[in-house]
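Q: missing the sequence, but the structure's below:
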């Protein structure tokens, strides 16, 4: 370099990622950072044009063309091994003494430092690479912390949504969840049936054995209702000892009779609580969407409730299907539901 004389040690300190080549283009020295990056690649003693693949400027195929682009930004990569992308600049030495190429990692290689165990000492003191690495590390740490926070918030949101639609005692759906499913079914036009289930003799359990026994009986009843229905059905607790089972796509009365009998038989099985026997039963009332010209959730719930209380008046442990006349007569009489008693033989298989 004209007018400047620097020893090898000074260059290694100032430009750890440099190389020197002689007047024939043979690499004679690598700075310590470049030597570490090169690893097992044989660079020293090789023609500089053969040690690297030159991508920009194009047409660098002789030593003369390499020296002719002095001061311009170079883009190149190792020919051997992993083709680590590099940026550089070439500077001729004094006449006939070859030249120096100062190199730096391309930004795309900063994630893993070109696969080499580089340290701060392998970069020029003025090279911003180390600062960029710190920024990348800080950004990664911030992003990781942000992802963890988002995951926690998402988990909390999911937990809150689950709690909002879940009866906390039994783990069943609650009334809010039931209403959401019913609205979707009505909107889609998919046929369904809903059965209102009320536990018989539950008040006696609460009064004689206490609320702990009552709560335990409710959890057992919830389990038995789930076991007696399909996975596609929705079982919801809508009151103290009141449940609703939503049968998606099921409107056949005979099948519903069989399921109702299964539910009643299951709930009538004694429940043991702390050595004491709790005995309950259940009364059921069902409304079927295909019995209505235009299903209305409130009307169906009211009809199922009316069918339920007809079953209770018949002696409890009973089941009824609401059979509403869906059309008003010519005189404008209201279409109140007529209630049909289930076939007891079918209801108790």
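A: Received the coordinates, thanks. Everything numeric in this text was worked out from a predicted model, so none of it was measured.
Q: Let me see the contact set for the residue lying closest to residue 43 once chain neighbours are set aside.
A: Counting by C-beta to C-beta, 6 or more residues apart in numbering, residue 51 is the residue found nearest to residue 43 once chain neighbours are left out, at 5.0 Å. In short, each C-beta sits where N, CA and C put it, glycine included. Taking C-beta atoms under 8 Å, 6 or more residues apart in numbering as the definition of contact, the neighbours of residue 51 are 27, 41, 43, 78, 79, 80.
Q: can we see that at 10 Å?
A: Residues near residue 51 by C-beta atoms under 10 Å, 6 or more residues apart in numbering: 19, 21, 25-27, 30, 38, 41-45, 76, 78-80.
Q: And for residue 49?
A: Taking C-beta under 10 Å, 6+ apart as the contact definition, residue 49 lies against 21, 25, 27, 60, 61, 62, 63, 65, 66, 79.
Q: out of those residues, who's nearest residue 177?
A: Lowest distance from residue 177 to the contacts of residue 49 (C-beta to C-beta) belongs to residue 79, with 65.1 Å.
Q: Dump the contacts of residue 49 into TSV; add pLDDT, distance to residue 139 and secondary structure as well.
A: Written out in TSV, the entries for the contacts of residue 49 read as follows (pLDDT from 0 to 100; distance: C-beta to C-beta, whole Å; DSSP: H, G, I helix; E, B strand; the rest coil):
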residue	pLDDT	distance to residue 139	secondary structure
21	95	38	strand
25	94	41	coil
27	96	36	strand
60	93	35	coil
61	92	40	coil
62	93	43	coil
63	92	42	helix
65	94	40	helix
66	94	37	helix
79	93	33	coil
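Q: which of those residues are buried?
A: 21, 25, 27, 60, 63, 66 (16 or more other C-beta atoms under 10 Å).
Q: how far out from the middle of the chain is the longest helix belonging to the chain?
A: Criterion DSSP state H: the longest helix present in the chain is helix 129-164. Computed by C-alpha atoms, centre = their mean, to the nearest Å, the separation of helix 129-164 from the middle of its chain amounts to 14 Å.
Q: Check which residues of stretch 275-290 are buried.
A: Buried residues in stretch 275-290, counting neighbours by 16+ other C-beta under 10 Å, are found at 278, 280, 281, 282, 283, 284, 285, 286, 287, 288, 289.
Q: Nearest to residue 260 among these?
A: Distances from those to residue 260 were compared by C-beta to C-beta; the smallest belongs to residue 284, at 5.1 Å.
Q: Could you report the distance from that closest one to residue 202?
A: Relative to residue 202, residue 284 is positioned 14 Å away (criterion: C-beta to C-beta, to the nearest Å).
Q: What of residue 54?
A: Using C-beta to C-beta, residue 54 is found at 87 Å from residue 202.
Q: thinking again about what came up before, list the helices and strands the longest helix of the chain packs on?
A: With contacts defined as 3 or more C-beta pairs under 10 Å, 6 or more residues apart in numbering; DSSP states H and E, helix 129-164 has these neighbours: strand 99-105, helix 175-188.
Q: so what secondary structure elements neighbour whatever helix or strand comes next after the last one?
A: Past helix 175-188, heading to the C-terminal end, the next element that is a helix or strand (DSSP states H and E) is strand 192-200. Secondary-structure packing of strand 192-200 (3+ C-beta pairs under 10 Å, 6+ apart): helix 175-188, helix 211-228, strand 234-237, strand 242-248, helix 253-267, strand 281-288, helix 297-313, strand 319-324.
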